[in-house]
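J.: okay, sequence plus prediction incoming.
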Amino acid sequence: MKHLPPEWANQRAILMAFPHKNSDWADNLNSALTPFIRIAQAIAYSQPVYIVCDNRDDISGLFCSTRNMSFIEIPTNDTWIRDYGYISIIEDGETKLLDFTFDGWGKKFEATLDNRLNYTLHKKGYMGTTPLKSIKFVLEGGSIESDGEGTILTTNSCLCNPNRNGGLSKKQIEEKLNEYLGTKRVLWLDYGYLAGDDTDSHIDTLARFISVDTIVYVQCLNVNDEHHSELQKMEKQLKSFKTLSGVSYNLIPLPMASKKLNAEGHRLPATYANFLITNKALIYPTYSVIEDKMVHEIFKKLFPKREIIPIECSRLIQEGGSLHCSTMQTL
C-alpha cells in the first residue's frame, strides 16, 4: 500500500533552489534573493531547509544565522523546485522518493538541469538511504494536492494538457496517479486560471487542502475582474465535491489580490493560495495590496496552532511563481 501524505504531515526538511546569475533573475539578482532569504529564514526557525545554490559561500554569507540550513551546490535552470523536486510518498510504512520527469511546464522553458536535480541531490547523500525512483511521466508538484487519504485535487487544464504526456485522458491520468501515488480518486477542476501563470493552471495557485474535509480557494467577487467568470465556475464545482465520507467540503474563500502589473503592463499571478504549511508555521505570500491584512486574519483562524508568517512576494510573481512554488517538503 502507498499514499501521498498531505502537506501538513510531519516534514523532515524543506527544499529550496536559489536564484543565480545564469537564471532569469539575473537582471536584478539582489532584489530576487531577498524574498528567498526571508522564506528560508522563516522555515529554518523550526525545521531544516536544504538550499540548492550555485555558490555555497556566496549564499550562506547572506544570512545572519545559518542554523537549520544546508547549502548544496547543484546547477539549476530556475528556482521553482515545487515542480521538479522529488515527491515523497509512504509505501508499506516506509518513505520513498519519486523523481518524475520535468519538461519546463510543457516545454515552455529549458529545464535539463532542473530535471536532473533529484538524481544529483540523492547521489550527494542528503536523503540518506531513502530510495529514489525515476519515472518517465511528467508530473509537477504544484499540479496536485493531496488530502493524505487517497484523494488528489488537480486541474484538467494542466494534467490533461497535450504538452505534458501527449494529452492523456482523465482516466489514463488517474491510472498513473494510482500506480505511482496510490491515489483512490481524483477531483478534477475544469475551471479556474490565473493571469500571468505559465503552468496551465496549477492547483496550488487556485485551491488547497488544509485538512481532509477543508479546502481553501481563491474567490473573485469583482465582476469587472478578468478572473470573475472562471473563478465563479470553479467555486460552483468545488461546492459539488464530496469527501470520501460523502459530505460536502468546508470551503474557505481567499480574496483575489488586487491587480499587480509588470513593467510592460501585463498582470502578474498574485495568489494567496500559494502558501506553505511547515511543521510549526503557515508561511504565506503578500503583495503590498489591501487584501494582505484580510488574508492574515483568515490564516490566523484556520491555523491557530501554527505561527502565521507573511513574506512579501511581489518580486517572485514577476518571474511567474510565488512562495509555495519556491519550496518542496520532504519526509
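T.: Received, thanks. Numbering: from 1, shown residues only.
J.: so which residues of this structure form helices?
T.: For the chain, the helices defined by DSSP state H occupy 29-44, 56-60, 104-107, 112-123, 156-159, 162-165, 170-181, 228-240, 291-302, 314-317.
J.: can you pull the buried residues of the longest one?
T.: Of all the residues in helix 29-44, those buried under the rule 16 or more other Cβ atoms under 10 Å are 32, 33, 35, 36, 37, 38, 39, 40, 41, 42, 43, 44. For glycine as for every other residue, the C-beta is placed from the backbone atoms N, C-alpha and C.
J.: now the residue lying closest to residue 321 once chain neighbours are set aside: phi and psi?
T.: Closest residue to residue 321 apart from its sequence neighbours, by Cβ to Cβ, 6 or more residues apart in numbering: residue 80 at 4.9 Å. Dihedral pair for residue 80: phi -80, psi 70, per degrees, to the nearest 10.
J.: how far away is residue 80 from residue 188?
T.: Note on residue 80: its distance to residue 188, by Cβ to Cβ, to the nearest Å, is 23 Å.
J.: who has more neighbours, the two?
T.: residue 80 (31 against 18; other Cβ atoms under 10 Å).
J.: how close does the more buried one sit to residue 245?
T.: Taken as Cβ to Cβ, the span from residue 80 to residue 245 is 35 Å.
J.: before we move on, what about residue 203?
T.: For residue 203, the distance to residue 245 - Cβ to Cβ - is 22 Å.
J.: likewise residue 233?
T.: Going from residue 233 to residue 245 by Cβ to Cβ gives 26 Å.
J.: who has more neighbours, these two?
T.: residue 233 (14 against 8).
J.: which ones are touching the more buried one?
T.: Neighbouring residues of residue 233 by Cβ atoms under 8 Å, 6 or more residues apart in numbering: 190, 191, 192.
J.: shouldn't the second one be in contact with residue 237?
T.: The reference is to residue 191. Yes. Judged on Cβ atoms under 8 Å, residue 191 makes contact with residue 237 at a distance of 6.0 Å.
J.: quick one: which of these two has more around it?
T.: More crowded of residue 191 and residue 237, by other Cβ under 10 Å: residue 191, with 19 against 16.
J.: got a pLDDT number for the more buried one?
T.: Residue 191 is assigned 97 on the pLDDT scale.
J.: got a list of what it touches?
T.: 230, 231, 233, 234, 237.
J.: I'd say the second one and residue 219 touch.
T.: Yes. Under the contact definition of Cβ under 8 Å, residue 231 touches residue 219, with a separation of 6.5 Å.
J.: and for those two, which residues touch both?
T.: residue 256.
J.: the more surrounded of these two?
T.: residue 231 (23 against 18).
J.: excluding chain neighbours, what is closest to the more buried one?
T.: Using Cβ to Cβ, 6+ apart, the nearest residue to residue 231 is residue 220, at 4.2 Å.
J.: any idea how far the one you found is from residue 210?
T.: According to Cβ to Cβ, residue 220 and residue 210 sit 20 Å apart.
J.: go on, residue 162?
T.: Note on residue 162: its distance to residue 210, by Cβ to Cβ, is 32 Å.
J.: quick one, which of those two is more surrounded?
T.: More crowded of residue 162 and residue 210, by other Cβ under 10 Å: residue 210, with 21 against 9.
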